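In: Mind folding the following:
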Amino acid sequence: MFSSSAHVYDAIYAALGKDYVAESAALVELVLARRPRAATWLDVACGTGAHLEHLRRRFAVEGVDLDAAMLGRARERLPGVALHVADYRTLALGRTFDVVSCLFGSIGYADGEAELRAAVAPMASHLAPGGVLVVDGWLRPEAWRDGVVQVVVAEDGPRRIVRVGRSRLEGSRAHLEMHHLVADPEGVAHLVDHHRLTLFAPEAYESALRAAGLAVEVVAAPSPGRDRYVALAPGP
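Out: Numbering: from 1, shown residues only. Next up, the predicted model:
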């Protein structure tokens, strides 16, 4: 996934204007409105830990990611926080949390509805009674625009980064091809990442969450063309 470009990920999304401070504040407000005494938070597919950096000011946090390189960046950012290399389809930490989240469309890496359910079920199993699961869906099918080419230019200290991405649809799966030119005084590197994500209909997310025994509501997501699913576990 991001293994080759983890060291420039944050710079790219800073250039794109991703506001982790505002997003984290909105998450806290959303969760506390439903579970005012929430104290523990597990972020699944936490990436470089940028949301956890802010959430830890209010909660005892842990993170999970499949990509060891991304988690390495998170460890630099979050000393003392428990971070686990794990696949969300087989997640088994042996404890529960008041809040579990899977943000920024990461659930879209699930390949088909059976795998979507296999990803949601372990997250639900890590919820304490009355806990809150927040899942950000990836793009809805009608929001897809085929053949989009995107160019991002970013700075990171002495580095200059250019990311060129192109996309195409393969059935219900989107293939995103990301080329990075990363230049510093020592030279220029060309790095390539490939991402394949599924365009699930909203009904597929809702069905997977209900199959895990959760009550579901849909709210606006931070990114256009997507939805945020807020699911509650049965109370004590």
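
In: Look through this structure and tell me its longest helix.
Out: Using DSSP state H, we find that the single longest helix of the chain is helix 20-34.

In: For that one, give me every contacting residue.
Out: Here helix 20-34 makes contact (Cβ atoms under 8 Å, 6 or more residues apart in numbering) with 38, 41, 50-51, 53-55, 58, 99, 101, 103, 132, 134, 219, 222, 230, 232. Just so you know, the C-beta spots here come from the backbone N, C-alpha and C atoms, and that holds for glycine as well.

In: just stretch 158-166 next, same as before
Out: The contact list for stretch 158-166 (Cβ under 8 Å, 6+ apart) reads 5, 8, 11-12, 147-155, 176-185.

In: Tell me which of those residues fall in helices.
Out: Judged by DSSP H, helices contain the following of the contacts of stretch 158-166: Val8, Ala11, Ile12.

In: and those residues, which are buried?
Out: Among the ones in helices among the contacts of stretch 158-166, those classed as buried by 16 or more other Cβ atoms under 10 Å are Val8, Ala11, Ile12.

In: so how far is Arg173 from the most centrally placed residue in the chain?
Out: In the chain, the C-alpha nearest the mean C-alpha coordinate belongs to Leu103, at 3.4 Å (Cα atoms, centre = their mean). In this view, Leu103 and Arg173 are 21 Å apart by Cβ to Cβ, to the nearest Å.

In: Report the spatially closest residue to the residue nearest to the centre of the chain, excluding sequence-adjacent ones.
Out: Nearest residue to Leu103, sequence neighbours excluded (Cβ to Cβ, 6 or more residues apart in numbering): Asp136, at 4.9 Å.

In: and if you look at Ala221?
Out: What sits nearest to Ala221 in space, not counting adjacent residues and going by Cβ to Cβ, 6+ apart, is Arg228, at 4.2 Å.

In: One more: Ala82?
Out: Nearest residue to Ala82, sequence neighbours excluded (Cβ to Cβ, 6+ apart): Glu62, at 4.4 Å.

In: number of nearby residues for that neighbour?
Out: If you count neighbours by other Cβ atoms under 10 Å, Glu62 ends up with 23.

In: Next: Pro141.
Out: Pro141: 15 surrounding residues under other Cβ under 10 Å.

In: contacting residues for the closest residue to it other than its chain neighbours?
Out: Using Cβ to Cβ, 6+ apart and skipping residues adjacent in sequence, the residue nearest Pro141 is Leu199, 4.4 Å away. By Cβ under 8 Å, 6+ apart, the contact set of Leu199 is Gly108, Trp138, Leu139, Arg140, Pro141, Trp144, Leu169, Ser172, Arg173, Ala174.

In: from these, which would you call buried?
Out: Buried residues within the contacts of Leu199, counting neighbours by 16+ other Cβ under 10 Å: Gly108, Trp138, Leu139, Arg140, Ser172, Ala174.

In: As TSV, those with pLDDT and distance to Glu206 would be great.
Out: Formatted as TSV, the buried ones among the contacts of Leu199 follow (pLDDT from 0 to 100; distance: Cβ to Cβ, whole Å):
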residue	pLDDT	distance to Glu206
Gly108	97	15
Trp138	97	15
Leu139	96	16
Arg140	96	12
Ser172	87	17
Ala174	95	21
